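Engineer: predicted model and sequence below, questions to follow.
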Amino acid sequence: MKKAELRVINSKILVGDKLVEAGVAISEGRIVKVAKEPHLPPAGETINSQGMLMIPGVVDAHVHLRDMNLSHEEDFSSGTEAAISGGVTTVLDMPNTSPPTTNAERLKEKMSKATNMVYSNVGFFGALPMDPNETSSMIDEGVIGFKLYLNDPQYEFQYDKVLPVNLLKPLLSSGIPLAVHAEFPQKQEEDTSWKSTENEIESFLRIHDPQIETGAISMCIRTTRKLGVHIHVCHLSTESGLGIISEGKVSGVPVTAETTPHHLLLSDRQLQDFGSYAKMVPPLRTLRDTRSLMKGLTTGIIDIIASDHAPHTNEEKERRFTEAPSGIPGLETMLSLILTEMSEGRITLRRLLETMSENPSNIFGLRGKGKIAEGYDADIVVVDLQKEKTIRSRDFHSKAKYTPFEGREVKGVPVLTIVNGTPVMQDGEIIGNPGVGKIVKHVALA
């Protein structure tokens, strides 16, 4: 039996719907054997996981790594350190950076800079170009997906119809999905009085009312029904939006959806408590919305849990509410928050793995990721399901030292993260080196 480079033994792995005792052998960054210890090949190094749970590394499909001209908020190293600390082995970076990722040259520039800086794997979204030829060039360079911000006034579409056919044609042949920030900008443009009102939070919620999201999702469904392009709805936040997506799926249109831990677990009550530290777009909604989203997650209407990790400096978030930027860090809290929901019986382990590893890998064409199986990339996380901790933002590896989950108790903590066969985090400490992560690109799945 050929000697492996690394073995992780004495683990519990989900096979079907049952936990079995097993381990893995790893060589050249891939899993070469999954079996009980006596049936694994010898290895140069062995890690005993002491009966803890082994899962495929989380694939976070919605991350803002910043860097470039915004490296004071986050950079490729600090962001991917945060990722591996939280059990995330692959992140997909959004294009609204400075400068934005709007063409192939900027995409190549980000890929080049990130190559020797990242601890986790990273794929890059491009902003949907207004020129279809540029879209094709970005596909050739390996863009992971395209992002359309419907709340950006530069996209002057006919909002009551469908998205322009000519802009989406290159996506049809490639199979690359269009990720959509499903909010229209009209209310922001029509109503600016909120900037001077005393109750800034109430006014913020009013101009981001659920109709902005549901109207945008309805247009996305009409678009994909007409054109067949795969549309992925980002950070779903409302019960009404969930209903529209459910109807679309029932009718067979190629639409998928994600939600975030903060939209699942927090409500507008926390927005009042935490102020700008809980300010994000779309905003936190009502308790009824959060309960509906959890039901949509467990029943399969929602496909992905993603962090929407959107870091800012504490100084930026400490401005008055109207002036503070939107966004919170989430890479280091996401997995433990959902593991806690699992420990309390609100989500199964099978569904957790589907929404946090398998589905994002399949939707964005990440071949070889999302499962613990022979031939798959050795992106692995070992979780201590009994370990409890208190979320403290001062301990984050991210440059953003704040969270609306401050002080929350969680149960279930990643204690070992392996990226491409290399241990990079153990017991909360970064033990790997930058450059272990790889730049990942979309591959059409059969």
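Structural biologist: Right, received. Where do you want to start?

Engineer: okay, CA-based contacts and neighbour counts for the rest of this
Structural biologist: OK.

Engineer: can you get me the start-to-end distance on stretch 388-402?
Structural biologist: End-to-end distance for stretch 388-402, by CA to CA, to the nearest Å: 20 Å.

Engineer: now find how far off-centre it is within its chain.
Structural biologist: Computed by CA atoms, centre = their mean, to the nearest Å, the chain-centroid distance of stretch 388-402 equals 18 Å.

Engineer: what residues does A278 make contact with?
Structural biologist: Applying CA atoms under 8 Å, 6 or more residues apart in numbering to A278 gives the contacts 270-271, 284, 327-328, 403-404.

Engineer: dump those into a markdown table; add secondary structure and distance to S27 as well.
Structural biologist: Formatted as a markdown table, the contacts of A278 follow (DSSP: H, G, I helix; E, B strand; the rest coil; distance: CA to CA, whole Å):
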| residue | secondary structure | distance to S27 |
| --- | --- | --- |
| Q270 | helix | 46 |
| L271 | helix | 47 |
| L284 | coil | 44 |
| G327 | coil | 39 |
| I328 | strand | 37 |
| T403 | coil | 38 |
| P404 | coil | 40 |
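
Engineer: closest to M68 among those?
Structural biologist: Nearest to M68 among the contacts of A278: G327, at 18.1 Å, using CA to CA.

Engineer: would you state the predicted confidence (pLDDT) at that closest one?
Structural biologist: Note on G327: pLDDT of 98.

Engineer: how close does it get to S120?
Structural biologist: According to CA to CA, G327 and S120 sit 22 Å apart.

Engineer: between the two, tell me which one has more neighbours.
Structural biologist: S120 (33 against 22; other CA atoms under 10 Å).

Engineer: which ones are touching the nearest residue to the more buried one once chain neighbours are set aside?
Structural biologist: Distance criterion CA to CA, 6 or more residues apart in numbering; nearest residue to S120, sequence neighbours excluded, is G437 at 4.2 Å. Applying CA under 8 Å, 6+ apart to G437 gives the contacts 115, 118-122, 419-420.

Engineer: just the buried residues of the contacts of A278.
Structural biologist: Among the contacts of A278, those classed as buried by neighbour count (16 or more other CA atoms under 10 Å) are 270-271, 284, 327-328, 403-404.

Engineer: can you tell me which of these is nearest V415?
Structural biologist: For the buried ones among the contacts of A278, the residue nearest V415 by CA to CA is T403; the value is 21.2 Å.

Engineer: quick one: residues contacting the closest one.
Structural biologist: For T403, the contact set (CA under 8 Å, 6+ apart) comprises 277-278, 328-330, 393.

Engineer: what's the answer for V413, then?
Structural biologist: Contacts for V413 (CA under 8 Å, 6+ apart) come out as 335-336, 339, 383-385, 387-389.

Engineer: tell me which of those fall in helices.
Structural biologist: 335-336, 339 (DSSP state H).

Engineer: for those, which one is nearest G215?
Structural biologist: The closest of those to G215 turns out to be L335 (CA to CA; 30.9 Å).

Engineer: mind checking how far the closest one is from E406?
Structural biologist: Between L335 and E406 the computed distance is 15 Å (CA to CA).

Engineer: tell me which of those two has more neighbours.
Structural biologist: Per other CA under 10 Å, whichever of L335 and E406 has more neighbours is L335, with 26 against 13.
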